[in-house]
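>>> Generate coordinates for the sequence data below:
(one chain, ligands or ions: 1)
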Amino acid sequence: MARSRGQRQRLCFLGAAFACAGSLCWTKFPGFHVVPIEGKGLGAVAEQNFQAGDLVYEESPRIMWDAEDAARVQLLKLVAAILLLVSIFLFVAFNSVGLVPLPLAAAVALGRPEEVPEEVKDQWNQLSQEQKDQLKGLSDASTEKSMMGILRTNGFSRGASKSSSSLLLCPVLARFNHSCSPNCQQSWDEQSGTEKLYAMTTIQKGEELCITYCDLREPREVRRETLQAKYGFRCACVACDVASAVAEASDARRGEAARLQEMLPSADAAEGVQIAKRILQLLDEEGIADLTLRGLACSEAVRHCQRLGDLQRAQSWAKQAYIFYSQARGPESQIARRAKEYLDALDSPEVTATSSG
Ligand SMILES: C[S@@+](CC[C@H](N)C(=O)[O-])C[C@H]1O[C@@H](n2cnc3c(N)ncnc32)[C@H](O)[C@@H]1O
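Coordinates of the predicted model:
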């Protein structure tokens, strides 16, 4: 039976995916195993105990792309397209020689945003066959396995925010499943050029290591809709698989934490400290170990205590902020180092003398 080129390419893609999924190249890593987890495909399970702040894994991305760099390329494309139009106009109007070679200008001016960016395709094509097969073996939440589906299902964004302006594809970290009460948190380390995964809480050997794929402050139904739409599964984690009344109480706590977090920077000083405390309490009650969120609440509390002239409490909050940030991103991370500098400045004799004088 004759097959179209598209069909042949899809079959080839699927064949490689099955070949890799069947191989045992994934299973063992220092500190954890990647194994089948009921209802979730593969997932990572701790092979040792971890403490909050332990570095669980560090991985260099196979694919790395930044939309801001790409935006600059888009601008160049736009300029090329305009030059193309001008050259066509000049050619038609005055029979003059075009300024831009036609095929080049036409090619760069085209390009659909729904397609995998060319730079990403180039990076993918430059990988070894084994590396390509490893990526093709990753999960894909879309109906038909494709490069775009794999990137969407497994890609991380660079930086602290969950913005979609950048894409990192790390084949091992892509095996970590989602939980609405995750025990691990990943972050990009610009210095080492690696994605790092830290334990956010005490984890016992045998527990699944999970990260989050969505905004944990959203209510259960919103989280479920997001996860279903983007990742094709209905979340049944410990926070979601509960009776309606329990879910309602959980939604209320998460919603309150989100509201308070927004209010915190502009709150008046005395209220700000109380808000920071309440955020930490809500996160504890909700079992959300997010250490970056905790660090942020503490940093704001430092600022409010300083405004109140309460140096002692400012120092104590600053210490907490430093601990949370260094556990979330490592003590050498920029955010932790800044918190340490701040703490040291507050501890300095001049500041202490000014405050007591
Ligand atoms: C980035 S991959 C994670 C690794 C994946 N389980 C695998 O086998 O490669 C994302 C996919 O894993 C599955 N997944 C992740 N977290 C899940 C969860 N809490 N419940 C059910 N499926 C989950 C979904 O199929 C999702 O599209």
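
>>> Okay, now the unreliable bits of the stretch 1-150 of the chain?
Low-confidence segments of the stretch 1-150 of the chain (pLDDT under 70): 1-26, 68-77, 79-80, 82-84, 86-113.

>>> which bits of it sit near the ligand?
The stretch 1-150 of the chain comes close to the ligand at residues 39-43, 138-139, 141, as judged by CB under 6 Å from any ligand atom. Any C-beta I mention is one placed from the backbone N, CA and C, and that applies to glycine too.

>>> Give me the buried entries from those residues.
Taking 16 or more other CB atoms under 10 Å as the criterion, what is buried in these is 42-43, 138-139, 141.

>>> is it true that Met148 touches Val120?
No: taking contacts as CB atoms under 8 Å, Met148 lies outside contact range of Val120: 9.3 Å.

>>> Compare these two (neighbour count), which wins?
It is Val120, of Met148 and Val120, that has more neighbours when counted by other CB atoms under 10 Å, with 20 against 14.

>>> Surely that one is in a helix?
Yes: counting by DSSP: H, G, I helix; E, B strand; the rest coil, Val120 is found in a helix.

>>> Distance-wise, check it relative to Asp66.
Remark: distance between Val120 and Asp66 (CB to CB, to the nearest Å) = 11 Å.

>>> Give the residues shared as contacts by the two.
Leu167 (CB atoms under 8 Å, 6 or more residues apart in numbering).

>>> measure the residue in the chain that the ligand sits nearest to to Ala269 for me?
The chain approaches the ligand most closely through Gly41 (2.7 Å), counting by CB to the nearest ligand atom. Going from Gly41 to Ala269 by CB to CB gives 49 Å.

>>> Check Arg62 too.
As judged by CB to CB, Arg62 and Ala269 stand 48 Å apart.

>>> Pick out whichever of the two has more residues nearby.
Taking neighbours as other CB under 10 Å, Arg62 and Ala269 compare with Arg62 leading, 18 against 15.

>>> hang on, isn't that one packed against Leu167?
No: the criterion here is CB under 8 Å, and Arg62 misses it with Leu167 at 11.0 Å.

>>> what sits up against stretch 300-309?
264-265, 267, 269-270, 272-273, 275-277, 311, 313-314, 317-318, 321, 342, 346, 355.

>>> Chain neighbours aside, what residue packs nearest to the residue of the chain closest to the ligand?
Ser139 (5.6 Å; CB to CB, 6 or more residues apart in numbering).

>>> For that neighbour, give me its contacts.
Here Ser139 is in contact with 41-42, 150, 153-154, 174 (CB under 8 Å, 6+ apart).

>>> three-state assignment of it?
coil.

>>> Likewise for Leu168?
The three-state label given to Leu168 by three-state DSSP is strand.

>>> Measure how buried the closest residue to it other than its chain neighbours is and give me the count.
Closest residue to Leu168 in three dimensions, ignoring its sequence neighbours and counting by CB to CB, 6+ apart: Pro61, at 4.1 Å. When neighbours are counted by other CB under 10 Å, Pro61 registers 20.

>>> do Pro30 as well
There are 8 residues near Pro30, going by other CB under 10 Å.

>>> And Pro331, by the same measure?
Per other CB under 10 Å, the neighbour tally for Pro331 reads 14.

>>> what packs against whichever strand or helix holds Ile335?
In this assignment (DSSP states H and E), Ile335 forms part of helix 334-347. Judged by 3 or more CB pairs under 8 Å, 6 or more residues apart in numbering; DSSP states H and E, helix 334-347 is in contact with helix 291-308, helix 311-329.

>>> The last one versus helix 334-347: what angle between them?
On the basis of axes from the mean of the first three to the mean of the last three CA atoms, to 10 degrees, helix 311-329 is oriented at 160 degrees to helix 334-347.

>>> in this protein, which spans are helices?
Taking DSSP state H as the criterion, the chain carries its helices at 5-22, 67-94, 102-109, 118-125, 129-136, 147-154, 220-231, 244-263, 269-286, 291-308, 311-329, 334-347, 349-356.

>>> right, and Gln48 touches Lys205 too?
Yes: using CB under 8 Å, Gln48 is in contact with Lys205, at 5.5 Å.

>>> Overlap in contacts, these two.
Residues touching both Gln48 and Lys205 (CB under 8 Å, 6+ apart): there are none.

>>> where in the stretch 151-300 of the chain is pLDDT low?
Short version for the stretch 151-300 of the chain, where the test is pLDDT under 70: 159-164.
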